[in-house]
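**Q** Can you look at this prediction? I've put the sequence above it.
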Amino acid sequence: MRLKADLTLLMVSIVWGIAFLTQYYAATFSSIYLFNGFGFLIASLLLFLFKPKKAPIPTQQWAWMAVAGFVLFVASALQQIGIFTTDLANAGFLTSLYTVFTPFVLFIIFKEKPALMDVIAVFVAVLGAFLLSTGGRMTLHIGDIYETIGAIFWALHIVILGKFASRYNAITFSAGQFFFGAVLNLIVGFSIEDPGVLLEPLFLGSLAFRSIFSISIGYTLQVWGQQHTPPTDAALILSLEAVFASITGWVILSQILSPIQIIGCFAILIAVLFSQLKIFFLRIHPSPNS
């Protein structure tokens, strides 16, 4: 079951990496909240169709679905805003920083002390993010800042799913968090964005792909996968979406990275991998109290 969960999360990372392209197309229409809002709403409605008939939703589950939906709203908004002014490779790799942030979110909320390897990984990741975002020069894309802040919220979302979603049915929990995320996005979207984008074929095609594959299927499989894999393991596998986002940007949009930026990408990936080495170390050298 653990192997099946890991392979499932790998498949999710591939879909999410490709889905960065749909977010790029949505950004060309200056759409953030309507794109995310209708994406979450469609996904929520699709999943409710497959909701088990005998699966009542307890009050506590509604509360955690609301929390997860709010975090998803913030994280996806920051990610979409960032794509306005940065490349897909930057967006993908900076988003992958949530793997490094996840242990620290666990410490802040649950007092689970991060390992020394996690601390080292942060410094390596920051260096990699600097090289990727600036190309070695002291000039940041504003979008890179949004993506990095968003990575913190993605880490929080990983932790919430790992700690609480595993207690409930994966389909109902996913549908619920999407519903709350959709409501928040649509309230903001109809207030500040032009609903005319809903008539654009390219926008609708991007919305359909993201709603069905990235959100409805991807996030639901994420919830299921995290029921059988620890949060840090899940974060490592899912962070590979950065690689697939870069490949998508290179193949479809001809977005080529400079040698310095490629080094930055590798530094972030090394940080992501390094932050997980403690898992194998603890298996070989278990704690006396374990």
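**A** Looks like it arrived, so ask away.

**Q** for the stretch 101-250 of the chain, which spans come out with low pLDDT?
**A** For the stretch 101-250 of the chain, the stretches flagged by pLDDT under 70 are 133-139, 232-233, 236.

**Q** Where do the strands of the stretch 151-290 of the chain begin and end?
**A** For the stretch 151-290 of the chain, applying DSSP state E, counting those that start in this stretch gives no strands.

**Q** could you show me where the helices are in it, in order?
**A** 170-192, 201-209, 220-226, 231-238, 241-253, 259-274, 277-284 (DSSP state H, counting those that start in this stretch).

**Q** Redo those as a markdown table? Include distance to G143.
**A** No exception for glycine: its C-beta is placed from N, CA and C like everyone else's. Formatted as a markdown table, those follow (distance: least, Cβ to Cβ, whole Å):
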| stretch | distance to G143 |
| --- | --- |
| helix 170-192 | 19 |
| helix 201-209 | 18 |
| helix 220-226 | 24 |
| helix 231-238 | 21 |
| helix 241-253 | 13 |
| helix 259-274 | 14 |
| helix 277-284 | 31 |
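
**Q** Of those, give the one that comes closest to T28.
**A** Ranking the helices of the stretch 151-290 of the chain by proximity to T28 (Cβ to Cβ) places helix 201-209 first, at 8.0 Å.

**Q** So which bits of the closest one are buried?
**A** Residues F203, S206, L207, F209 are the ones in helix 201-209 that count as buried (16 or more other Cβ atoms under 10 Å).

**Q** any idea how far the nearest residue to the second one once chain neighbours are set aside lies from V15?
**A** For S206, ignoring the flanking residues on the chain, the nearest one in space by Cβ to Cβ, 6 or more residues apart in numbering is T22 at 3.8 Å. Between T22 and V15 the computed distance is 11 Å (Cβ to Cβ, to the nearest Å).

**Q** Could you do P58 as well?
**A** From P58 across to V15, the span is 30 Å (Cβ to Cβ).

**Q** Who has more neighbours out of these two?
**A** The neighbour comparison of P58 against V15 (other Cβ atoms under 10 Å) goes to V15, with 18 against 10.

**Q** if I pick that one, what's in contact with it?
**A** Counting by Cβ atoms under 8 Å, 6 or more residues apart in numbering, V15 touches F213, S214, I217, G218.

**Q** tell me the contacts of the first one?
**A** When you say that, I think you mean F213. Contact partners of F213, counting by Cβ under 8 Å, 6+ apart, are V15, A19.
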